[in-house]
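[1] Need a 3D model of the sequence below.
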Amino acid sequence: MSFANGASSRMAKWRQMVLTLFPDMRLEVQRRDYSVHLVFFDLLQRVREAHQDSDLETLRRIYGFAEWCSEQRAKDLWNSAGVGFYEHLFDSHRSLWPEMVRWLSPRVVDDCMGLWELRLSEADMAEVRRLFAERRKPLHQEARQAMRGI
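    Predicted coordinates for the structure are as follows:
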């Protein structure tokens, strides 16, 4: 990987994955100061747009990458997925929530419930719990499939 100052190093796995899943982010990913936390800041806006546009392929890639990061041992990866992405999902318009919950695996829900409880009002948290209890066909397995072979 070449950085702007001419230094090079072996590219981190998360950077390789971002380049594969989101090739239009190449310029950002090649910047040394572009952290995985910044990736999630950018992906949070994309996931909202993808839900509004019913763009299933983009949703698969975003949720797949977020879940992959959340499963890693490296704190910067799982922490960035948690606080940079999952924690802020429900900042989105409530009309998107029913579809968002379909993309979250039971493990992610268990891991992030405390983040949502701290962040959301009691009424919003009650709505989130209701949506998880009543969600129709979960799609988190589709997100995992987007990560196969990467």
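
[2] Ramachandran coordinates for residue 31?
    Dihedral angles of residue 31 (phi, psi; degrees, to the nearest 10) stand at phi -80, psi 130.

[3] Repeat that for residue 102.
    Dihedral angles (degrees, to the nearest 10) for residue 102: phi -70, psi -20.

[4] Not counting sequence-adjacent ones, nearest residue to it?
    residue 139 (4.6 Å; C-beta to C-beta, 6 or more residues apart in numbering). C-betas here are computed from N, CA, C, even on glycine.

[5] What score does the one you found have for pLDDT?
    For residue 139, the model assigns a pLDDT of 85.

[6] just residue 60 next, same as before
    Residue 60 is given a pLDDT of 97.

[7] neighbouring contacts of stretch 60-72?
    14, 17-18, 21-22, 36, 40, 43, 46-47, 50, 77-78, 80-82, 85-86, 103-105, 107-108, 111, 139-140, 142-147 (C-beta atoms under 8 Å, 6 or more residues apart in numbering).

[8] now, which of these lie within helices?
    Those of the contacts of stretch 60-72 mapping onto helices are 14, 17-18, 21, 36, 40, 43, 46-47, 50, 77-78, 80-82, 107-108, 111, 140, 142-145, per DSSP state H.

[9] just to revisit the earlier point, hmm, which of the contacts of stretch 60-72 are the buried ones?
    14, 17-18, 21-22, 36, 40, 43, 46-47, 50, 77-78, 80-82, 85-86, 103-105, 108, 111, 139-140, 142-144, 146-147 (16 or more other C-beta atoms under 10 Å).

[10] which residues touch the nearest residue to residue 37 once chain neighbours are set aside?
    In space, and not counting its chain neighbours, residue 37 is closest to residue 80: 4.3 Å by C-beta to C-beta, 6+ apart. Neighbouring residues of residue 80 by C-beta under 8 Å, 6+ apart: 35, 36, 37, 39, 40, 69.
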